[in-house]
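Peer 1: let me see the structure of the following:
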Amino acid sequence: MRDEAIAEATAARARLLLGHVREACMRMSGDQRIGERDVAVLLGVHADTMRRWRAEGDGPAFYRIGGAVTYAVDDLAAYICAGRHSASGTRMY
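Peer 2: Just a heads-up that it's a prediction; the model follows:
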């Protein structure tokens, strides 16, 4: 049951992110990958933070194709859900 709840929460978050991407007219690849700057906007952090996270092995999973770094919407959704905590500070998923 817990795995189902995680999958549902992640899918719902991915739909929300896709909506934001489309509303903001952000560029997205055919397989729903988004560039680093746009992901930084979605997560509310600076693009330099995204680079630091990658260098430290933190942050969401990413793709590097040529010199371009992109992030899959599903990976972003999973990353956001994995960081969710209850008001008491307990990890929810």
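Peer 1: secondary structure element holding the most centrally placed residue in the chain?
Peer 2: For the chain, residue 76 is the residue whose C-alpha lies nearest the centre (C-alpha atoms, centre = their mean; 1.7 Å). Here residue 76 sits within helix 73-82, counting by DSSP states H and E.
Peer 1: which parts of the chain are strands?
Peer 2: 33-35, 63-65, 68-72 (DSSP state E).
Peer 1: pull the residues that contact the first one.
Peer 2: Translated: strand 33-35. Contacts with strand 33-35, where a contact means C-beta atoms under 8 Å, 6 or more residues apart in numbering, come from 21, 26-28, 42, 63, 68-73, 76. For every residue, glycine as well, the C-beta is placed using N, CA and C.
Peer 1: so, low pLDDT: which residues of the chain?
Peer 2: 1, 84-93 (pLDDT under 70).
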